[in-house]
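1. have a look at this prediction, sequence included:
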Amino acid sequence: MNPTPESAEATALVSRRRRPEIDAVSRWFTRAFADLDTLNVDLCEHLESVSSPEDDVVALARLGRDGIKKRSKRFLNEHPSADGAGVIFARAADAEGRGVIEWWERDASLGVHRYAFGLNPAGDRFYDYEKIEWFVMTFGSGQHWITGPYIDYLGVDEYVVTLTAQSTVHGRPVGIAGVDIKMSDLERELLPLLQRFPGRATLVTTHGSVLASNTSTLIAGDRIRPAELGLKEHPLRASGASVTVAYE
């Protein structure tokens, strides 16, 4: 006999009650994306206040640079686990296809400085950011996305994850707001939550990559198929994260 919608809903409710660990992980991502959204709204409102609808992204970045700096630095100061933050403007939003990035990151002395990217297509250090997952999956779609872990373009042997949200100014998408978190800091925050599970538990991206885990047999960056490991899967879509909890 197939379960009725009412009985299925009741079963799901009981399941959620039995898995407070999942709720705790989901709340972490909900807060992380809520903080990013707050930063993004603040940045977009600032850009609108200093520009006109006719301004291209180069003008937007120039007119808004001081405010972007102020808001990004404040975000980093208020969020110790974040390593970088800022706005990545879309070439598609510029009549001449020019790229602009206003990005602020922590340095070795724990200060915050602006990073200058190579945005000249003819240059040796050209950073073709519009082909990278965190830009492709967010710009134009309006959806949150989490990318990683991957080797940071700005660092050496540093794994990071990037959280992104679409930025809209004067009613049109102009780019994305993003936040970088080093894997060491991400694991420091997520591991205590994963350790609440009685058995193995791991966070898996849409590509099947391990994001964090409570067991040494599953390392960040490993590609896995949870079902083959006997793990149940619970997507965290409601939190805004493109991540699944896989657990025993």
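-> Structure's in. What do you need?
2. partners of the helix or strand where Glu233 lies in the sheet?
-> Following DSSP states H and E, one finds Glu233 within strand 232-235. In the sheet containing strand 232-235, its partner strands are strand 243-247 (antiparallel), by DSSP bridges.
3. now do the strand it pairs with: distance to the chain's middle.
-> 17 Å (C-alpha atoms, centre = their mean, to the nearest Å).
4. and if you look at stretch 78-88?
-> Stretch 78-88 sits 10 Å away from the centroid of its parent chain (C-alpha atoms, centre = their mean).
5. quick revisit: need the contact partners of the strand holding Glu233.
-> For strand 232-235, the surrounding residues in contact (C-beta atoms under 8 Å, 6 or more residues apart in numbering) are 19, 22, 204, 226-227, 243-248. Backbone N, C-alpha and C define where each C-beta goes, glycine included.
6. looking at the residues you listed, spot the one nearest Gly97.
-> Ranked by distance to Gly97 (C-beta to C-beta), the contacts of strand 232-235 are led by Val243 at 33.1 Å.
7. beta-bridge partners for that closest one, please?
-> Thr205.
8. try Val160
-> With DSSP bridges applied, Val160 shows beta-bridge pairing to Tyr150, Lys182.
9. what ranges in this protein fall below the confidence cut-off?
-> 1-18, 110, 153-157 (pLDDT under 70).
10. can you give me the strands in the protein?
-> 82-89, 100-106, 112-114, 145-151, 159-169, 172-182, 201-205, 210-213, 232-235, 243-247 (DSSP state E).
11. so what's the residue positioned nearest the centre of the chain up against?
-> With distances taken as C-alpha atoms, centre = their mean, Leu163 lies nearest the centre of the chain, 0.8 Å away. By C-beta under 8 Å, 6+ apart, the contact set of Leu163 is 32-33, 36, 144-146, 178-179, 181.
12. make a markdown table from those residues and add distance to Arg98 to it.
-> Formatted as a markdown table, the contacts of Leu163 follow (distance: C-beta to C-beta, whole Å):
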| residue | distance to Arg98 |
| --- | --- |
| Ala32 | 31 |
| Phe33 | 29 |
| Leu36 | 25 |
| His144 | 26 |
| Trp145 | 24 |
| Ile146 | 28 |
| Gly178 | 19 |
| Val179 | 24 |
| Ile181 | 29 |
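13. just send these back as JSON lines, with neighbour count and distance to Trp134 too.
-> As requested, the contacts of Leu163 are exported to JSON lines (neighbours: other C-beta atoms under 10 Å; distance: C-beta to C-beta, whole Å):
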{"residue": "Ala32", "neighbour count": "24", "distance to Trp134": "14"}
{"residue": "Phe33", "neighbour count": "21", "distance to Trp134": "13"}
{"residue": "Leu36", "neighbour count": "22", "distance to Trp134": "12"}
{"residue": "His144", "neighbour count": "21", "distance to Trp134": "11"}
{"residue": "Trp145", "neighbour count": "25", "distance to Trp134": "6"}
{"residue": "Ile146", "neighbour count": "26", "distance to Trp134": "8"}
{"residue": "Gly178", "neighbour count": "25", "distance to Trp134": "6"}
{"residue": "Val179", "neighbour count": "27", "distance to Trp134": "10"}
{"residue": "Ile181", "neighbour count": "22", "distance to Trp134": "12"}
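14. which strand residues bridge the nearest residue to Arg19 once chain neighbours are set aside?
-> Counting by C-beta to C-beta, 6 or more residues apart in numbering, the nearest residue to Arg19 once its immediate chain neighbours are dropped is His234, at 7.3 Å. Beta-bridge pairing of His234 under DSSP bridges involves Val245.
15. all set now, cheers.
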